[in-house]
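A.B. asks: Below is the structure, and that's it, no one-letter string:
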């Protein structure tokens, strides 16, 4: 079994356990936004979810894992990308983990359309980056 299959299975299992266990969808937008809802006194689950998210990479590195992805050192590009992702998440009513993993698993038409949009945008982005030599 490849690392990608194992990772995908773990994500699916975690999303299923959260949904079946406490009835929450594990999309990152919903998890993070629930931390800021003042009236919600039962948000301890989201704190644990966020803690697990933040600890996953350091634990991966401690276990001897290496990241196969290289990020750009261009701070302007990183800030612009972050703002675009945040805006897209807002207007798309969710992120890739919410729509792609949880929404698709629930056969949500809105999530299917959002996921197709994410994939098309990714393909276009890769094509533009490859055409420009990857230097923006």
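C.D. replies: Nice, thanks for sending it over. Because the structure is predicted, anything quoted here is derived from the model rather than measured.

A.B. asks: Can you tell me the centre-most residue of this protein?
C.D. replies: In the chain, the C-alpha nearest the mean C-alpha coordinate belongs to residue 97, at 4.3 Å (C-alpha atoms, centre = their mean).

A.B. asks: who are the neighbours in contact with that residue?
C.D. replies: 11, 26, 27, 28 (C-beta atoms under 8 Å, 6 or more residues apart in numbering). No exception for glycine: its C-beta is placed from N, CA and C like everyone else's.

A.B. asks: pretty sure residue 112 is touching residue 103, no?
C.D. replies: Yes - counting by C-beta atoms under 8 Å, residue 112 does reach residue 103; the two are 7.4 Å apart.

A.B. asks: Just want to know which of these two has more residues nearby.
C.D. replies: A direct count of neighbours by other C-beta atoms under 10 Å for residue 112 and residue 103 places residue 103 higher, at 23 against 14.

A.B. asks: so the more buried one makes contact with residue 109?
C.D. replies: No - if you go by C-beta under 8 Å, residue 103 and residue 109 don't touch, sitting 9.1 Å apart.

A.B. asks: packing partners for the helix or strand hosting residue 32?
C.D. replies: Using DSSP states H and E, residue 32 sits within helix 28-34. Using 3 or more C-beta pairs under 8 Å, 6 or more residues apart in numbering; DSSP states H and E as the contact test, the elements touching helix 28-34 are helix 44-62.

A.B. asks: So for the helix it packs on, mean pLDDT?
C.D. replies: Helix 44-62 comes out with an average pLDDT of 86.

A.B. asks: Just the buried residues of the lowest-mean-pLDDT helix or strand in the chain, please?
C.D. replies: Here the helix or strand of the chain ranked lowest by mean pLDDT, DSSP states H and E is helix 28-34, holding a mean of 78. Burial within helix 28-34, assessed by neighbour count using 16 or more other C-beta atoms under 10 Å, is assigned to 28, 29, 30, 31, 34.
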